[in-house]
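> Can you look at this prediction? I've put the sequence above it.
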Amino acid sequence: MNVRRILAGIAALAGCAAAGAVQGEAFPARMVRIVVPFTAGGLADVVARGVAQELTTRWSQPVIVENRPGANTIIAAEHVARAAPDGYTLLMANDPTLSSNQYLYRKLSYDPVKDFVPVINLVQTREILLASRKSGLASVEELVARAKARPGETTYGSYGVGSKAQLDAETFSSLAGIRMNHVPYKGVADVMAALVGGQIDVAWVGVPPSIPMVEGDKVRLLAVAAPQRIAAFPGAPTFAELGFPKMVSQAWFGLVAPRGTPDGVVSRIAADVSAVVSQPAFLDKYVTGVGLEPLNQGPREFGRFLARDRAEYEASIRNAKVKLD
């Protein structure tokens, strides 16, 4: 018999044995890791730790958060894509991880579509447009008028080239027929500091980090990129109200597992996490209480969401003409 066929047969038998062991094991039987592609303390990290704490109690097994920041979430994504597909390693993914990176980079070390299976989409934050008080801008109308009168002089900040903030700014610029100057920073905190200090004129930022800055009157809120007005800032107009109905934007965070994770395990995780994030106390502490919006989308709904999100990012990145390699 051909040696290659013998070796292939042995490998197949070993694979079946391993699969049988996993399937026969009641999940979870040991520690589960949630890998977060950001540093500790950010929105994704805080939500992940809240979920981990509740699951630890529910499962009577430790659920830990492991931070692997860097490279626009690529480091964490690559790590989880190569982990065993058994449900014990999950990724707290977001827009760049599964939607925009594939259009920003010519080559990725992971495949956003083929390497992961959706588990549950947890929360989203609406993007809003803030202006520095030192800019003198009090409305979107004034921003457009100034940018048209002095093309390229109005500055906007973002938390990196290819970031959600840059894509939002370039999308709006295209819709409004204006041109602004991009100033990239390392993170949202740096963007906020630049707005307060007047180093930049405007920026697109998520709701949670904006709440204390707006309520403290340190920056001016011009508009929200949502279909309707939002609870966090009920007095702020939507872009649609101001004549830009296509200016809708949100950032999301959800859990995914390596492709090949058994359906039963995916369903178990999705159901238990859904129960956790549906609790009023959890929502108040980690979601609505900090300006986030609950999504709680299971595997199928999350999959449909991703298909739409990817199509929107592809169009947005093509329009902005942004490439990171």
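Arrived safely, thanks for sending.
> CA only for contacts and neighbour counts going forward, please
Noted.
> For the chain, which segments count as helices?
3-24, 43-59, 74-81, 95, 101-104, 140-149, 164-176, 188-197, 207-215, 263-277, 280-282, 299-320 (DSSP state H).
> a markdown table please, covering those and showing mean neighbour count and distance to L122.
Listed next are the helices of the chain as a markdown table, based on neighbours: other CA atoms under 10 Å; distance: least, CA to CA, whole Å:
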| stretch | mean neighbour count | distance to L122 |
| --- | --- | --- |
| helix 3-24 | 12 | 27 |
| helix 43-59 | 18 | 9 |
| helix 74-81 | 21 | 18 |
| helix 95 | 20 | 13 |
| helix 101-104 | 22 | 20 |
| helix 140-149 | 17 | 31 |
| helix 164-176 | 21 | 18 |
| helix 188-197 | 20 | 21 |
| helix 207-215 | 17 | 15 |
| helix 263-277 | 18 | 8 |
| helix 280-282 | 13 | 12 |
| helix 299-320 | 16 | 9 |
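> Relative to A225, which of the ones you listed is closest?
helix 164-176 (9.2 Å; CA to CA).
> what's in contact with the closest one?
Identification of contacts with helix 164-176 by CA atoms under 8 Å, 6 or more residues apart in numbering yields 144, 156-160, 179-180, 182, 203-205, 244, 247, 249, 251, 316-317, 319-320.
> chain center to it, what's the gap?
Remark: helix 164-176 is offset 18 Å from the chain centroid, using CA atoms, centre = their mean, to the nearest Å.
> Also stretch 285-299?
The mean C-alpha position of stretch 285-299 is separated from the chain mean by 13 Å, CA atoms, centre = their mean.
> Then stretch 307-322?
Distance, centroid of stretch 307-322 to centroid of chain: 15 Å (CA atoms, centre = their mean).
> For that stretch, give the mean pLDDT please.
Looking at stretch 307-322 alone, the average pLDDT works out to 88.
> circling back to that earlier point, now a ChimeraX select for only the buried ones of the contacts of helix 164-176.
A single ChimeraX command selects the buried members of these (16 or more other CA atoms under 10 Å):
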select :144,156,157,158,159,160,179,180,182,203,204,205,247,249,251,316,317,320
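> Can you list which of the contacts of helix 164-176 are found in strands?
156-158, 182, 203-205, 251 (DSSP state E).
> Pull the most distant pair out of these.
It's H182 and A251 that sit farthest apart of these, by CA to CA, at 20.1 Å.
> would you turn the helices of the chain into a markdown table with distance to F239?
Formatted as a markdown table, the helices of the chain follow (distance: least, CA to CA, whole Å):
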| stretch | distance to F239 |
| --- | --- |
| helix 3-24 | 50 |
| helix 43-59 | 25 |
| helix 74-81 | 32 |
| helix 95 | 21 |
| helix 101-104 | 26 |
| helix 140-149 | 9 |
| helix 164-176 | 10 |
| helix 188-197 | 21 |
| helix 207-215 | 15 |
| helix 263-277 | 30 |
| helix 280-282 | 31 |
| helix 299-320 | 17 |
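> By mean pLDDT, show me the worst of those.
Lowest mean pLDDT within these: helix 3-24, a mean of 44.
> Was I right to think A83 contacts A77?
No. Look at A83 against A77 with CA atoms under 8 Å: they stay out of range, at 10.0 Å.
> Report the beta-bridge partners for G254.
A93, N121 (DSSP bridges).
> wouldn't it be in contact with P96 here?
No. Between G254 and P96 there is no contact under CA under 8 Å: 11.9 Å.
> the more surrounded of the two?
Legend: neighbour count by other CA atoms under 10 Å for G254 and P96, higher for G254 (25 against 22).
> picking up where we left off before, nearest to V35, out of the helices of the chain?
Per CA to CA, nearest to V35 of these: helix 74-81, 6.7 Å.
> Out of the helices of the chain, flag the one nearest R30.
From the helices of the chain, taking CA to CA, the stretch that ends up closest is helix 43-59, at 9.5 Å.
> How far away from the center of its chain is the closest one?
Counting by CA atoms, centre = their mean, helix 43-59 comes out at 17 Å from the chain centroid.
> what's next to that helix, contact-wise?
By CA under 8 Å, 6+ apart, helix 43-59 touches 28, 34, 36, 38-40, 61-65, 67, 92, 253, 272-273, 276-277, 282, 286-287.
> And the buried ones among those residues, selectable in PyMOL?
Remark: buried members of these, expressed as a PyMOL selection using 16+ other CA under 10 Å:
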select buried, resi 28+34+36+38+40+62+63+64+65+67+92+253+272+273+276+277+282+286+287
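> per-residue confidence at Y185?
Per the predicted model, pLDDT is 87 at Y185.
> Who are the contact partners of the closest residue to it other than its chain neighbours?
Closest residue in space to Y185, ignoring its immediate chain neighbours: Y159 at 4.8 Å, by CA to CA, 6 or more residues apart in numbering. By CA under 8 Å, 6+ apart, the contact set of Y159 is 165-166, 184-188, 190-191.
> Pick out the most distant pair among those.
It's Q166 and D190 that sit farthest apart of those, by CA to CA, at 14.4 Å.
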